[in-house]
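just to be clear, the model below is a prediction. Sequence and coordinates:
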Amino acid sequence: MAGLPLPLAAAMLFTGAALAQAPELPESVPVPELNRSQSAQKAAPADVPVPEPRPADAPKPDQPATDTLNQQTSDQPRPEPPAIAPTPSEKPAEAEPPAAAMKPPEKPAQAPEKEIPPDPRSASVPQEKMPEEELACRRRLKSMGVDFEERKAEHDAAVGCSTPYPIALKTLGKSLDITPETELNCQMAEAAARFAANIIQPAAKAELGASLKSVGQASAFVCRPRHGTGKLSEHAFGNALDIASFTLSDGRKIDVGPAPPEKDAKFLNTVRKAACGPFKTVLGPGSDADHSLHLHLDLAPRRNGGTFCQ
Ligand SMILES: [Zn+2]
């Protein structure tokens with residue numbers, strides 16, 4: 001609305017002025033010197049209608065703007081050389097891409113660690129009140145005659161280890177020891193106790209003619225730094241138990257090893273096969289060098305509850 005009347009009014013005024021001072025205007029109006037180049041170009045065709053464009057042109061910020069732009073752009077080529085000087089600074093930047101190109105080779109080495117997302121369990125810290133599932137697990141242990149004590153939470157954010165509700169497992173049942181006593185999460189402790197009572201004990205009686213007195217453990221909760229795989233061991237969550245030997249009521253000791261006596265081997269094989277299921281990971285002699293002298297059992301959470309047994 002305002003735009004229309006103003007130009008019209010201006011046109012009217014200038015027309016009036018042009019009529020009154022027709023000779024003077026064209027000379028005095030030629031306006032800013034900045035516009036000379038353009039006004040020179042436009043001036044020729046604009047001569048006749050002169051009054052209209054010029055009043056509009058003069059106040060317009062456009063032309064000074066475009067002029068300054070043109071001047072700047074015409075000036076810039078000079079500053080640009082300095083802009084080319086930054087280019088050398090870009091070269092160091094270009095030197096970085098190669099460095100970035102250097103990184104990929106590093107990444108493959110670190111890739112396994114970085115690509116594996118941090119174990120969500122690493123963030124587990126004890127709640128103010130122990131969760132019901134933990135309480136229920138402890139009630140089951142007691143009902144099985146398992147002796148245990150509460151331990152304070154294990155948490156190492158740097159490594160990623162975490163066991164919010166560990167227990168010290170002193171026995172696996174009323175007449176079944178675990179030596180030395182060890183620290184596990186309650187679920188693993190319960191699985192070990194059930195496995196000892198339901199699998200190892202019957203196997204010992206069936207294969208070896210004696211009852212199981214004690215399970216010799218080699219490792220339970222251990223906060224280990226990340227290995228080459230970048231994945232934390234289940235031991236870091238108190239979720240794994242390494243069994244190195246079984247002691248019978250008659251004093252015999254069956255060691256886990258690569259070449260056990262035949263009779264022991266049958267017992268050990270029975271135990272090992274039966275472990276796959278109750279435990280989600282079962283490793284032992286023959287799996288790899290790290291497990292030649294013990295059975296590694298854990299409750300690693302896997303998709304679809306799958307197992308990994310070697
Ligand atoms: Zn292990």
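Structure received. Numbers count the residues shown, from 1 in each chain.

how close does the residue nearest to Pro285 when sequence neighbours are not counted sit to the ion?
Distances taken as CB to CB, 6 or more residues apart in numbering place Pro258 nearest to Pro285, at 4.4 Å, with adjacent residues excluded. For every residue, glycine as well, the C-beta is placed using N, CA and C. Pro258 sits 16 Å away from the ion, going by CB to the ion, to the nearest Å.

pLDDT score for Pro258?
Looking at Pro258, its pLDDT reads 94.

so which residues on the chain come close to the ion?
Contact residues, the chain versus the ion (CB under 5 Å from the ion): Ala240, Asp242, His296.

re earlier: correct me, but the residue nearest to Pro285 touches Ser287?
No. In this structure, Pro258 is not within contact of Ser287 by CB atoms under 8 Å, at 10.6 Å.

what mean pLDDT does the helix or strand containing Leu141 have?
For Leu141, the host element (DSSP states H and E) is helix 132-143. For helix 132-143, the mean per-residue pLDDT is 98.

comparing Pro258 and Ser287, which residue is more hemmed in?
Ser287 (16 against 10; other CB atoms under 10 Å).

tell me the confidence at the residue in the chain that the ion sits nearest to?
Of all residues in the chain, His296 sits closest to the ion, at 3.4 Å by CB to the ion. What the model reports as pLDDT for His296 is 95.

any weak-confidence spans in this structure?
The model of the chain has pLDDT under 70 over residues 1-116, 225-229.

how is it divided into domains?
Here the domain assignment for the chain is 5-75, 80-115, 121-309, based on automatic domain parsing.

can you pull the contacts of the nearest residue to Pro166 once chain neighbours are set aside?
Distance criterion CB to CB, 6+ apart; nearest residue to Pro166, sequence neighbours excluded, is Arg151 at 4.3 Å. Applying CB atoms under 8 Å, 6 or more residues apart in numbering, we find Arg151 in contact with Pro166, Ile167, Ala168, Glu183.

run the last query once more with 6 Å
By CB atoms under 6 Å, 6 or more residues apart in numbering, Arg151 lies in contact with Pro166, Ala168, Glu183.

show me those residues that map onto helices.
With DSSP state H as the criterion, helices contain none of these.

can you give me the helices in the stretch 101-250 of the chain?
For the stretch 101-250 of the chain, the helices defined by DSSP state H, counting those that start in this stretch occupy 132-143, 186-195, 201-203.

from the contact counts, what lies against the last one?
Same thing as helix 201-203. helix 262-275 (3 or more CB pairs under 6 Å, 6 or more residues apart in numbering; DSSP states H and E).

go ahead and confirm the residue of the chain closest to the ion touches Asp242.
Yes. His296 is within contact range of Asp242, at 5.3 Å (criterion: CB atoms under 6 Å).

please point out which parts of the host helix or strand of Val282 sit buried.
Assigned by DSSP H and E, Val282 falls within strand 281-283. Under the neighbour-count criterion of 16 or more other CB atoms under 10 Å, strand 281-283 has Thr281, Val282, Leu283 buried.

the stretch 201-310 of the chain: strands as residue ranges?
With DSSP state E, counting those that start in this stretch as the criterion, the stretch 201-310 of the chain has strands at 212-219, 240-248, 253-255, 281-283, 295-298, 308-309.

please identify the most buried of those strands.
Comparing the strands of the stretch 201-310 of the chain by mean neighbour count (mean count of other CB atoms under 10 Å), strand 295-298 ranks first with a mean of 24.

residues in contact with it?
So strand 295-298 is contacted by 234, 239-243, 256, 275, 279, 281-284 (CB under 6 Å, 6+ apart).

top of the contacts of Arg151 by neighbour count?
The residue in the contacts of Arg151 with the most neighbours, by other CB under 10 Å, is Pro166 (26 neighbours).

show the contacting residues for that one.
Arg151, Glu154, Glu183, Gly238.

tell me the bridge partners for it.
Asn185 (DSSP bridges).

also Thr281?
Asp298, Phe308.

hmm, back to that, so the residue nearest to Pro285 touches Ser292, yeah?
Yes. Pro258 is in contact with Ser292 according to CB under 6 Å; the separation is 5.2 Å.

what residues are shared contacts of the two?
Jointly contacting Pro258 and Ser292 under the rule CB under 6 Å, 6+ apart are Pro285.

hmm, who's touching stretch 119-128?
Counting by CB under 6 Å, 6+ apart, Ala153, His155, Gly160, Ser162, Pro164, Leu232, Phe237 sit against stretch 119-128.

which non-adjacent residue is nearest the fifth one?
Of all residues beyond its chain neighbours, the one nearest Pro164 is Pro126 (4.3 Å), with distances taken as CB to CB, 6+ apart.

what's the neighbour count on that neighbour?
Residues near Pro126, counting by other CB under 10 Å: 17.
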